[in-house]
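Asks: here is the input, now give the coordinates:
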Amino acid sequence: MSLYTHILVGLDLSPEESHRVASKAVTLAQTYNAKLSLLHVIEPVALAYAGDIPMDLTETQIAIEEQAEKRMADFAAQLGYPVTHRQVVLGQTAAELREIATSLGADLIVVGSHGRHGLALLLGSTASTVLHGAKCDVLAVRI
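Replies: Numbers count the residues shown, from 1 in each chain. Model (predicted):
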């Protein structure tokens with residue numbers, strides 16, 4: 001039996017970080033002949049720009065999602081390993097990674113970690129938040 005059969009990779013779609021994280025995931029997928037799935041989570045624009053001034057950010061949110069879908073498709077095409085599932089979702093990153101890993105039956109989540117210190121360490125990073133609620137293994141790739 002293989003150690004890992006389905007690997008879910010959480011990507012921020014930045015060129016350097018995504019390639020570093022995906023490279024580790026592809027190596028593991030090749031080693032274990034595992035399925036590989038990609039996920040990018042977009043936090044709602046309204047949460048990022050909440051304030052006292054009412055604004056309709058629907059068009060902005062749609063444009064962000066469309067751009068992310070295109071970048072994800074381009075990234076998957078250049079990966080050099082077959083992608084079983086790729087998805088761009090709207091939500092909170094750690095929660096979506098855990099939920100989608102469970103729904104796909106992934107047994108490993110691979111995410112990037114910036115190795116925060118000080119206050120950021122106390123508040124927790126996305127990698128840490130994924131780790132503490134995941135039902136499977138989590139690999140945090142140092143960026």
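Asks: now do the top strand by length along the chain, average pLDDT.
Replies: As assigned by DSSP state E, the longest strand anywhere in the chain is strand 35-42. Mean pLDDT, strand 35-42: 97.
Asks: ok, it: who's next to it in the sheet?
Replies: strand 6-10 (parallel), strand 85-90 (parallel) (DSSP bridges).
Asks: for the ones you listed, state which one has the densest average packing.
Replies: Across those, averaging neighbours per residue (mean count of other Cβ atoms under 10 Å) puts strand 6-10 on top, at a mean of 27. All C-beta spots, glycine's among them, are computed from the backbone N, C-alpha and C.
Asks: which residues touch it?
Replies: 21-22, 25, 28-29, 34-41, 84, 93, 97, 100-101, 104-112, 126, 130 (Cβ atoms under 8 Å, 6 or more residues apart in numbering).
Asks: of the residues you listed, which belong to helices?
Replies: Mapping those onto helices (DSSP state H) picks out Val21, Ala22, Ala25, Leu28, Ala29, Thr93, Leu97, Ile100, Ala101, Leu104, Thr126, Val130.
Asks: nearest to Ser14, of those?
Replies: In terms of Cβ to Cβ, no member of these lies closer to Ser14 than Val21, at 9.8 Å.
Asks: tally up the residues packed near that closest one, please.
Replies: By other Cβ atoms under 10 Å, the residues close to Val21 number 24.
Asks: from Val45, how far off is it?
Replies: Taking Cβ to Cβ, to the nearest Å as the measure, Val21 falls 24 Å from Val45.
Asks: can you find the helix or strand in this protein with the smallest mean pLDDT?
Replies: helix 119-123 (a mean of 43; mean pLDDT, DSSP states H and E).
Asks: quick revisit: looking at the ones in helices among the contacts of strand 6-10, which is nearest Glu69?
Replies: Ile100 (15.7 Å).
Asks: now the closest one. Nearest residue, chain neighbours left out?
Replies: Leu39 (5.6 Å; Cβ to Cβ, 6 or more residues apart in numbering).
Asks: got the strands paired with strand 35-42 as JSON lines, with mean pLDDT and distance to Glu17 columns?
Replies: Shown next, in JSON lines, are the strands paired with strand 35-42 (pLDDT from 0 to 100; distance: least, Cβ to Cβ, whole Å):
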{"stretch": "strand 6-10", "mean pLDDT": "98", "distance to Glu17": "10"}
{"stretch": "strand 85-90", "mean pLDDT": "97", "distance to Glu17": "16"}
